[in-house]
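Chemist: sharing a model that was predicted from the sequence below.
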Amino acid sequence: MSTTNGGQPEEMQPQLTVVMQYIKDFSFENPNAPQSLAPSTEPPQINIQINVAAQPLSDTDIEVVLKLEGKAEKGADLLFHFELEFAGVFRIRNVPQESLNAVVLIECPRLLFPFAREIVATSVRNGGFPPLLLDPVDFVGLYRNKMEQLQPAQGQPS
C-alpha cells in the first residue's frame, strides 16, 4: 500500500475518471437555406439552453449527459437550430456522499463542455454560418440555482 506525502493511501483518495465520452443524440437544422445564408447587417438573436442529467450505471460509474439546445433567428425567420446530448461515463471513487452530487453536476459537465462546444461550433460552421463559439459555462452557478429551486419544493407538503 502506498501513500502520498504522508497522507491517505492512494486507494482511499477521491478519484474522478473519464471512462468514455460520446454523442448520445445530435440534430442540426438549417430549414430556410439558402435564404438564411444571405449576408445581412442585422445580427441574429441567439438563444442557448443548457441542462445536465445524470444516471447511475453501477456503484462507481455514472453517465452524465450535457444537453445543449440553441437557435438563431433573424426577426421571425429561423436561421438554424441544434440539439446536442453529449455524454460521458465517469468512474467516481472515494468521494463523500455529501459531495457526490456536486462532483457529478459540476465537475463532470465541466469536463464534457469543451468537446460539446467544439461539436456545436463545427456544425454551425458546416451549416454555412460563422462558428458559434459558446461562452464558458458557470456550472457552479447552475448547480447553486438548481439547489435553491429544490429547497423550497422539498419543504412543501406533498
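Modeler: Cool, the structure landed.
Chemist: so residue 133: helix, strand or coil?
Modeler: Under DSSP: H, G, I helix; E, B strand; the rest coil, the three-state class of residue 133 is coil.
Chemist: angles on the backbone of the residue lying closest to it once chain neighbours are set aside, please.
Modeler: Closest residue to residue 133 apart from its sequence neighbours, by Cβ to Cβ, 6 or more residues apart in numbering: residue 121 at 5.6 Å. To be clear about C-beta, it is placed using only N, CA and C from the backbone, and glycine gets the same treatment. Phi and psi for residue 121, reported as degrees, to the nearest 10, are phi -60, psi -50.
Chemist: could you pull out the helices for the protein?
Modeler: 97-102, 108-126, 139-155 (DSSP state H).
Chemist: tell me the pLDDT at the residue nearest to residue 133?
Modeler: pLDDT, residue 121: 97.
Chemist: how about it, what does it touch?
Modeler: Counting by Cβ atoms under 8 Å, 6 or more residues apart in numbering, residue 121 touches 131-134.
Chemist: which one of those is nearest to residue 110?
Modeler: Nearest to residue 110, judged by Cβ to Cβ, of those is residue 134 at 13.4 Å.
Chemist: list the contacts for the residue lying closest to residue 129 once chain neighbours are set aside?
Modeler: Excluding its sequence neighbours, the residue lying closest to residue 129 (Cβ to Cβ, 6+ apart) is residue 80, at 6.3 Å. Residues in contact with residue 80 (Cβ under 8 Å, 6+ apart) are 28-30, 36, 71-72, 124, 127, 129.
Chemist: from the residues you listed, which would you call buried?
Modeler: 28, 30, 36, 71-72, 124, 127, 129 (16 or more other Cβ atoms under 10 Å).
Chemist: quickly name whichever of the contacts of residue 121 is closest to residue 61.
Modeler: Using Cβ to Cβ, these come closest to residue 61 at residue 134, 27.5 Å.
Chemist: that closest one touches residue 118, doesn't it?
Modeler: No - the pair residue 134 and residue 118 fails to qualify as a contact (Cβ atoms under 8 Å) at a distance of 9.6 Å.
Chemist: quick one, which of these two is more surrounded?
Modeler: Neighbour totals were compared for residue 134 and residue 118, and residue 134 leads with 19 against 14 (other Cβ atoms under 10 Å).
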